[in-house]
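Asker: A structural model of the following input is requested.
(2 chains)
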There are 2 protein chains.
Amino acid sequence: MVFNIKILGCGSATPTVRRNPTAQIVNAHERHILIDCGEGTQLQMRKFGVKFQKINHVLISHLHGDHYLGLVGLISTFALLGRKKDLHIYGPEALGEIIFMQLRASKSYLTYHIEFHSLSSDKSELIFEDDYIKIKTIPLKHRVYCNGFLIEEKPLPLRLNIHEVEKNNIPIAWYHRLKRGEDYIKENGELIPNNQLTLPPYKVRKYAFCSDTSYLESIIPIIKGVDLLYHEATFLSAEQERARQTFHSTIIDACTIAKKAEVNQLLVGHYSARYKTTDDYIKQAQPIFKNTTPVEDGDEFSIDLR
Amino acid sequence: MVFNIKILGCGSATPTVRRNPTAQIVNAHERHILIDCGEGTQLQMRKFGVKFQKINHVLISHLHGDHYLGLVGLISTFALLGRKKDLHIYGPEALGEIIFMQLRASKSYLTYHIEFHSLSSDKSELIFEDDYIKIKTIPLKHRVYCNGFLIEEKPLPLRLNIHEVEKNNIPIAWYHRLKRGEDYIKENGELIPNNQLTLPPYKVRKYAFCSDTSYLESIIPIIKGVDLLYHEATFLSAEQERARQTFHSTIIDACTIAKKAEVNQLLVGHYSARYKTTDDYIKQAQPIFKNTTPVEDGDEFSIDLR
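Answerer: Residues are numbered from 1 along each chain as shown, chains lettered A, B, ... in the order given. This is a model prediction of the structure:
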């Protein structure tokens, strides 16, 4: 029941040799989801050992180059690797035409089908759901239409109280029924109530990705209490005016949102190329939201069961 | 009077951590020309110290991703760096729409003007000319419309025969007239013929870039006798059938063209990702065309005056 996030790029508009533009891989219950795909993402995937063929879903936040210019190359590489499975891509409407016109120009015949899901709502919507996870959009406020994404588990089953289960000699074949909430009935007809044999389920885990955006309180109800929030922090506090003009956030903005949304941990990135280190990010974050981590390319974060 | 070529990427369709897709910078008489611009080219430019703002011309051979997917990101970076000068881009017709539709989608307001020159002819044509250089297309044969490019100097002036010039006390103000071919007339009316004071000009230097293409003898008259030929050699000889099917060349094809065109030196690249080293390239090239160099990213080649 893995739930982890790998940072493939945490730079902003101008790529540098130190930081690639935005891309992340989320693995939630073996659903491998690529969020954003800046130029060079496929090389980062190779560098950090990402399995190309496990990715079935790509979520694109918005159509600024540092968030999607690596996508057409990746689509082509998937074909060169002989991919057969459908690839689901979610992003702003124009992304479909950007992809398909380039495939036409290159006379590329893909070995697989692309299902493009056009996003255009300004309200949070459920865009994917299966037996284990759900994905919702988080409408953001940027210079162009932009969404963050909330990836959350479906409610988990009850946990076995192994001590009680063994004490009562309950056969293994019954375990999945106990996890579903059934009472156990012995051969002699005696009933052991479920709550004596099980523990409450683990808390549902949630990850929210929010890049790029101005300071925006309307996202708070959507990301309330998530385990892990990635929020862009393009600028330090001294550049607040520049942040406002460019529809970006400062580290202060990101921490304030994290605090108000009562998240467990805050990751920040999408640093302006002017910042070589993240020392000042840590300094400015501490007084507002202590559990803040500035990320670097290659970092991995795991959300543990609680 | 510099004339050199820097390899920014010499891999083929699948980018690897070892080799980037195709891109080269040619500096001919301080005209800095970018040929092809695969994904990640702007990072290679940073890595290898290329001055972004010196580039005024971009030549795109064809619309396969490994030859152009880095272009929109580079265009955007030029703007972030505050570029003011026009940028001239030459490439297949659809490239214009690919660029401009993405700029529209990102609501990018460039700080400079892009002049797009659409290429569609199947005959070699002169596409650029100034006081020092000329650029011509080299129609190639690939799965999609594709051109190589010939970059050549304009004829150079006569060289001063310094020994004779000094012996005759010729004033410096006369040097440029001698270089243009004028005879010198002394104050006493005596004439010294030009050929006594000058040496023949240096040979005009030429660089030809040919990627991607099947073996194609029709390019021989266009590239005849060039100082330096870059010719793709995606495959070693064992993969000749695959080369034919994919409209690519083997090292044997490249060397045969170099030999028949009587070029001075052959550079090969655009290696299939299956080849980790170029040892076998050198082995297979030697019997056919000795002066063959397999390139790697970061290599530089200078064409000296002769």
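Asker: point out where the stretch 151-300 of chain A drops to low pLDDT.
Answerer: For the stretch 151-300 of chain A, applying pLDDT under 70 flags no range at all.
Asker: domain ranges for chain A?
Answerer: According to automatic domain parsing, chain A comprises the domains A:3-156+A:202-302, A:159-199.
Asker: now do the helices in the stretch 201-306 of chain A.
Answerer: Assigned helices in the stretch 201-306 of chain A, in chain order: A:220-223, A:240-245, A:251-260, A:279-285 (criterion: DSSP state H, counting those that start in this stretch).
Asker: single out the most deeply packed of those helices.
Answerer: Across those, averaging neighbours per residue (mean count of other C-beta atoms under 10 Å in any protein chain shown) puts helix A:251-260 on top, at a mean of 23. Just so you know, the C-beta spots here come from the backbone N, C-alpha and C atoms, and that holds for glycine as well.
Asker: avg pLDDT for stretch A:117-133?
Answerer: Stretch A:117-133 shows a mean pLDDT of 97.
Asker: on that earlier part again, now render the helices of the stretch 201-306 of chain A as a markdown table, adding distance to chain B.
Answerer: A markdown table is the format used below for those (distance: least, C-beta to the nearest C-beta, whole Å):
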| stretch | distance to chain B |
| --- | --- |
| helix A:220-223 | 25 |
| helix A:240-245 | 13 |
| helix A:251-260 | 21 |
| helix A:279-285 | 22 |
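Asker: ok, back up a step: of the domains of chain A, which stretch is the most buried?
Answerer: Ranked by mean neighbour count, the domains of chain A are led by domain A:3-156+A:202-302 with a mean of 20 (mean count of other C-beta under 10 Å).
Asker: can you get me the start-to-end distance on that one?
Answerer: 6 Å (C-alpha to C-alpha, to the nearest Å).
Asker: centre of the chain to that domain, how far?
Answerer: 6 Å (C-alpha atoms, centre = their mean, to the nearest Å).
Asker: repeat for stretch A:2-13
Answerer: Worked out by C-alpha atoms, centre = their mean, stretch A:2-13 lies 9 Å from the chain centre.
Asker: quickly note the distance from the residue of chain A most remote from its centre to chain B.
Answerer: Distance from the C-alpha centroid of chain A peaks at A:Asn188, with 49.9 Å (C-alpha atoms, centre = their mean). A:Asn188 sits 66 Å away from chain B when distances are taken as C-beta to the nearest C-beta, to the nearest Å.
Asker: where does that residue land in three-state SS?
Answerer: coil (DSSP: H, G, I helix; E, B strand; the rest coil).
Asker: nearest to chain B: which residue in the stretch 101-250 of chain A?
Answerer: A:Ala105 (4.3 Å; C-beta to the nearest C-beta).
Asker: where does chain A come near chain B, residue by residue?
Answerer: Neighbours of chain B within chain A, by C-beta under 8 Å from any C-beta of the partner chain: A:13-17, A:39-40, A:42-43, A:46-47, A:63-66, A:69-70, A:72-73, A:76-77, A:80-81, A:92, A:94-95, A:97-98, A:101-102, A:105-107, A:143-144.
Asker: so where do the strands sit in the stretch 101-250 of chain A?
Answerer: A:114-119, A:126-129, A:133-139, A:147-153, A:159-160, A:184-185, A:191-192, A:198-199, A:206-210, A:228-232 (DSSP state E, counting those that start in this stretch).
Asker: and the fourth one, what other elements does it pack with?
Answerer: In terms of contact count using 3 or more C-beta pairs under 8 Å, 6 or more residues apart in numbering or on different chains; DSSP states H and E, strand A:147-153 is assigned the packing partners strand A:23-28, strand A:133-139, strand A:206-210.
Asker: nearest to B:Leu178, of those?
Answerer: Closest to B:Leu178 of the helices and strands packed on strand A:147-153 is strand A:23-28 (C-beta to C-beta; 61.0 Å).
Asker: quick check: angle from the helix or strand that that closest one is followed by to strand A:206-210?
Answerer: Once the chain leaves strand A:23-28, the next helix or strand it forms, by DSSP states H and E, is strand A:31-37. Taking axes from the mean of the first three to the mean of the last three C-alpha atoms, to 10 degrees, one finds strand A:31-37 and strand A:206-210 inclined to each other by 10 degrees.
Asker: strand partners (parallel or antiparallel) of strand A:31-37?
Answerer: According to DSSP bridges, strand A:31-37 forms sheet pairs with strand A:23-28 (antiparallel), strand A:55-59 (parallel).
Asker: secondary structure class for A:Asn4?
Answerer: strand.
Asker: please name the nearest non-neighbouring residue to it.
Answerer: Once flanking residues are discounted, A:Asn4 sits nearest to A:Ser302: 4.3 Å by C-beta to C-beta, 6 or more residues apart in numbering or on different chains.
Asker: circling back to that earlier point, ok, which of the domains of chain A comes nearest B:Phe52?
Answerer: With C-beta to C-beta as the measure, domain A:3-156+A:202-302 is the member of the domains of chain A nearest B:Phe52 (10.3 Å).
Asker: so for A:Glu232, which of the helices of the stretch 201-306 of chain A sits nearest?
Answerer: Closest approach to A:Glu232 among the helices of the stretch 201-306 of chain A (C-beta to C-beta): helix A:251-260, 6.9 Å.
Asker: quick one: A:Asp130 and A:Glu30 touch, right?
Answerer: No: A:Asp130 is not in contact with A:Glu30 according to C-beta atoms under 8 Å; the separation is 10.9 Å.
Asker: okay, and the common contacts of the two?
Answerer: Contact with both A:Asp130 and A:Glu30 is made by no residue, according to C-beta atoms under 8 Å, 6 or more residues apart in numbering or on different chains.
Asker: surely A:Gly91 is within a strand?
Answerer: Yes: with three-state DSSP as the criterion, A:Gly91 is part of a strand.
Asker: find the nearest non-adjacent residue to it, please.
Answerer: A:Ile60 (3.3 Å).
Asker: pretty sure that neighbour contacts A:His67?
Answerer: Yes: with contact defined as C-beta under 8 Å, A:Ile60 reaches A:His67; the gap is 6.4 Å.
Asker: what is in contact with those two at once?
Answerer: A:Asp36, A:Cys37.
Asker: what separation is there between the residue nearest to A:Asn4 and chain B?
Answerer: 25 Å.
Asker: quick one: residues contacting that residue.
Answerer: A:Ser302 touches A:Val2, A:Phe3, A:Asn4, A:Ile5, counting by C-beta under 8 Å, 6+ apart.
Asker: could I get the strands paired with strand A:31-37 as CSV with mean pLDDT?
Answerer: Shown next, in CSV, are the strands paired with strand A:31-37 (pLDDT from 0 to 100):
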stretch, mean pLDDT
strand A:23-28, 98
strand A:55-59, 98
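Asker: dump those into JSON lines; add distance to A:Asn264 as well.
Answerer: Listed next are those as JSON lines, based on distance: least, C-beta to C-beta, whole Å:
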{"stretch": "strand A:23-28", "distance to A:Asn264": "16"}
{"stretch": "strand A:55-59", "distance to A:Asn264": "22"}
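Asker: and those: which comes nearest B:Pro21?
Answerer: Among these, the nearest to B:Pro21 by C-beta to C-beta is strand A:23-28 (18.0 Å).
Asker: next, the angle from the closest one to strand A:133-139.
Answerer: Using the same axes, to 10 degrees: strand A:23-28 against strand A:133-139 is 140 degrees.
Asker: and the angle for strand A:23-28 with strand A:228-232?
Answerer: 170 degrees.
Asker: contacts made by strand A:23-28 with the rest, please.
Answerer: Counting by C-beta under 8 Å, 6+ apart, A:2-9, A:32-38, A:41, A:44-45, A:50, A:55, A:70, A:132-133, A:151, A:153, A:205, A:207, A:209, A:230 sit against strand A:23-28.
Asker: got the contact list for A:Lys47?
Answerer: A:Gly298, B:Val17.
Asker: with that, I have no additional questions.
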